[in-house]
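A.B. asks: sequence below, structure please.
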Amino acid sequence: MLDLIILSLHFFICFLISIAIWCGPKDVDLHSSSTGRAEIEPDGLIFIGKKEDIKKSERITAKIDGREIVVFYHEGKFHALDSRCYHEGGPLCHGEIEDINGQACIVCPWHKFKITLETGEGLYEGINPLEPSPTPKWQSKGVKQRIHKVTIDNENVYVSPPDLSVSFDSDYFAEKYKNGGELAMGK
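C.D. replies: Numbers count the residues shown, from 1 in each chain. This is a model prediction of the structure:
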């Protein structure tokens, strides 16, 4: 009888996960336009979506030349990052946003790595064993996640193309999942 209950619970959880994924953030594929090209403005900015639409959904994923990014709207500000976590490629578009020491951070749903939305820094909680009574404190691992500059113009949200002359840890997974379709977006 216990096996039947566990099996039923397993199927129910799988069903809930399927619904959560199906109802999750929608993708914007900037290559699916009738011209087959991203919507690049004369000033080089890339159109992501309408400001109000992104505010309502609080996040949107997009592809820029096959590279997946996620744009978050949190506490009155827009933030754009590579959509795959620098650690193991987890889909940040499915992560929760937490406040850590006054910084908005996305928490990777796979391994709970914390990344600041503003700078792309990886944060960890550590102690200094040399202190008389060490207490855990949030510390920076440095910038690990590529962020993308967001511009708002005429109620539209734009992202600047990435400067690939500087590399970040998240670049590995951005390249690995490039043009990966459904699998790449964590669906």
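A.B. asks: in the protein, which spans are helices?
C.D. replies: Along the chain, the segments classed as helices by DSSP state H run 2-22, 51-57, 171-176, 181-184.
A.B. asks: least confident of these, on average?
C.D. replies: Per-stretch mean pLDDT for these is lowest at helix 181-184 (a mean of 46).
A.B. asks: those strands in the protein, which residues are they?
C.D. replies: Residue ranges of the strands in the chain, as given by DSSP state E, are 27-29, 46-50, 59-64, 67-74, 77-82, 96-100, 103-107, 114-116, 121-126, 137-143, 147-148, 150-153, 156-159.
A.B. asks: could I get these as a markdown table with distance to Phe12, mean neighbour count and mean pLDDT?
C.D. replies: For the C-beta atoms, the positions are set from N, CA and C on the backbone; glycine is no exception. Formatted as a markdown table, those follow (distance: least, C-beta to C-beta, whole Å; neighbours: other C-beta atoms under 10 Å; pLDDT from 0 to 100):
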| stretch | distance to Phe12 | mean neighbour count | mean pLDDT |
| --- | --- | --- | --- |
| strand 27-29 | 27 | 18 | 45 |
| strand 46-50 | 35 | 19 | 95 |
| strand 59-64 | 27 | 22 | 93 |
| strand 67-74 | 29 | 23 | 96 |
| strand 77-82 | 33 | 21 | 97 |
| strand 96-100 | 22 | 12 | 97 |
| strand 103-107 | 25 | 20 | 97 |
| strand 114-116 | 30 | 23 | 98 |
| strand 121-126 | 34 | 16 | 96 |
| strand 137-143 | 36 | 13 | 95 |
| strand 147-148 | 38 | 22 | 96 |
| strand 150-153 | 39 | 14 | 95 |
| strand 156-159 | 38 | 22 | 96 |
